[in-house]
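Student: Curious how this folds, go ahead:
(one chain, ligands or ions: 2)
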Amino acid sequence: MLRIAIQAKGRLNEESLTLFREIGIDIDDAKRKYMSRAANFPVEMLYLRDDDIPGVVANGSANLGIVGYNEVVEKGYDVKVEEKLGFGGCRLSLAIPKNEEYSGPAYFKGRKIATSYPKILRKFLDDNGVEATIEVITGSVEIAPAAGIADAIFDIVSSGSTLVANNLKEVEVVLESEAVLISAGKLSAEDEAALAEIRFRLESARISRGKKYILMNLPESALEEAVRILPAMRSPTVMPLAAKGWCSLHSVVDNADLWDKVRQLKAIGAEGILVLNVDKIIL
Ligand code: ATP
Ligand code: MG
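Tutor: Ligands and ions are numbered 1, 2, ... in the order given. Take a look at the predicted model:
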């Protein structure tokens, strides 16, 4: 039985559970429980603080973990990133009071920086030959400059609105992060097979994300042009229509490009365009 450590509550909990549901692994939404088992797959979930996840994976108490890459790097355990999961995106950045002039990393020389990520920050400072004092605080790092605790902060940024609200500006991005699936050590043959199946399903989920199925009626004379507009996985499906000189064209597009493609297809005579959600794509 594969044991997977995920965050018990917090920003990654919901999306970790959603991801398992998306790949057909049904887990009780047992946020307050310590452990729960999947009904239809040989895995059990261990619910922990995110800080503890790299450690329990490294020492073998769990076979896999889902945690922010920022925590993996900060904790520094010998674990392997199996997959990037495409959620929990953020960055670890240095920020200073917004009215200060920033001249580059030398700005931090002799200053005090508040953070919950002292190891990553120390490495950045060392790499840039800057001597600064690190003040470790575990929460509300963003208030440190206004509270007189530090001159600057090194913290997680996603939209940047927390920095703006605290009159700070981001001056250095040190690490880009997202949720990752981590592992360590050897698995039994049975667990290895379960992991391979999970990775196969994650790949399918990754490919399907943000995709739409599109179909339309098209004059046959416009077919060549339409195929250029809609390069499908192999090539679009074309089906004859009862009306002479017309066909039906089916393909898959990225949601991001959808309206651009629709405009181009209409311009070459496409009619009756249908756009449908894609549940799974398995290559
Ligand atoms: P825990 O109680 O498990 O220790 P926590 O308070 O340390 O939780 P959360 O705030 O839930 O952690 O964040 C978990 C992870 O979510 C972060 O380590 C980071 O990888 C990711 N994340 C994405 N966006 C943000 C954000 N805007 N602020 C904080 N974390 C973010
Ligand atoms: Mg934490």
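Student: who's in contact with the closest residue to ligand 1 within the stretch 151-283 of the chain?
Tutor: Distance from ligand 1 to each residue of the stretch 151-283 of the chain (CB to the nearest ligand atom) is smallest for Ser158, at 3.5 Å. The way it works is simple: take the backbone N, C-alpha and C, and place the C-beta from them, glycine included. For Ser158, the contacting residues are Gly89, Cys90, Arg91, by CB atoms under 8 Å, 6 or more residues apart in numbering.
Student: Check the residues you listed for burial and list the buried ones.
Tutor: Neighbour counting with 16 or more other CB atoms under 10 Å marks Cys90, Arg91 as buried within those.
Student: Mind picking the one among the contacts of Ser158 that's closest to ligand 1?
Tutor: Cys90 (3.6 Å).
Student: With adjacent residues omitted, what lies nearest to that closest one?
Tutor: Spatial nearest neighbour of Cys90, chain neighbours left out: Ser158 (4.4 Å); criterion: CB to CB, 6 or more residues apart in numbering.
Student: From ligand 2, how far off is the one you found?
Tutor: From Ser158 across to ligand 2, the span is 15 Å (CB to the ion, to the nearest Å).
Student: Repeat that for Ala150.
Tutor: Here Ala150 is placed at a distance of 20 Å from ligand 2 (CB to the ion).
Student: can you tell me how far Arg201 sits from Leu181?
Tutor: Here the distance between Arg201 and Leu181 works out to 12 Å (CB to CB, to the nearest Å).
Student: so what does the lowest-mean-pLDDT helix or strand in the chain touch, helix or strand wise?
Tutor: None of the helices or strands of the chain scores lower by mean pLDDT, DSSP states H and E than strand 35-37, at a mean of 89. Secondary-structure packing of strand 35-37 (3 or more CB pairs under 8 Å, 6 or more residues apart in numbering; DSSP states H and E): strand 43-48.
Student: Give me the contacts around the strand it packs on.
Tutor: For strand 43-48, the external contacting residues (CB under 8 Å, 6+ apart) are 1-8, 13, 25, 27, 30-31, 33-38, 56, 61-62, 194, 198.
Student: Which of those residues fall within strands?
Tutor: Mapping the contacts of strand 43-48 onto strands (DSSP state E) picks out Leu2, Arg3, Ile4, Ala5, Ile6, Gln7, Met35, Ser36, Arg37.
Student: Arg201 and Leu181 - which one has more neighbours?
Tutor: Neighbours were counted for Arg201 and for Leu181 using other CB atoms under 10 Å; Leu181 has more, 22 against 19.
Student: Give me the phi and psi angles of Thr18.
Tutor: phi -60, psi -40 (degrees, to the nearest 10).
Student: no, scratch that, I was asking about Glu83
Tutor: Backbone geometry at Glu83, expressed as degrees, to the nearest 10, gives phi -150, psi 140.
Student: how many other residues sit next to it?
Tutor: 17.
Student: likewise Asp191?
Tutor: By other CB under 10 Å, 18 other residues sit near Asp191.
Student: Shouldn't it be within a helix?
Tutor: Yes: checked against DSSP: H, G, I helix; E, B strand; the rest coil, Asp191 lies within a helix.
Student: Need the nearest residue in space to it, chain neighbours excluded.
Tutor: Nearest to Asp191 is Leu2, by CB to CB, 6+ apart, at 4.9 Å.
Student: so who does that neighbour touch?
Tutor: Here Leu2 is in contact with Pro42, Val43, Glu44, Asn63, Leu64, Leu187, Asp191, Ala194, Leu195, Ile198 (criterion: CB under 8 Å, 6+ apart).
Student: mind checking how far it is from ligand 2?
Tutor: Distance, Leu2 to ligand 2, by CB to the ion: 23 Å.
Student: So what pairs up with that residue in the strands?
Tutor: Leu2 forms beta bridges with Val43, as assigned by DSSP bridges.
Student: That'll do, ta.
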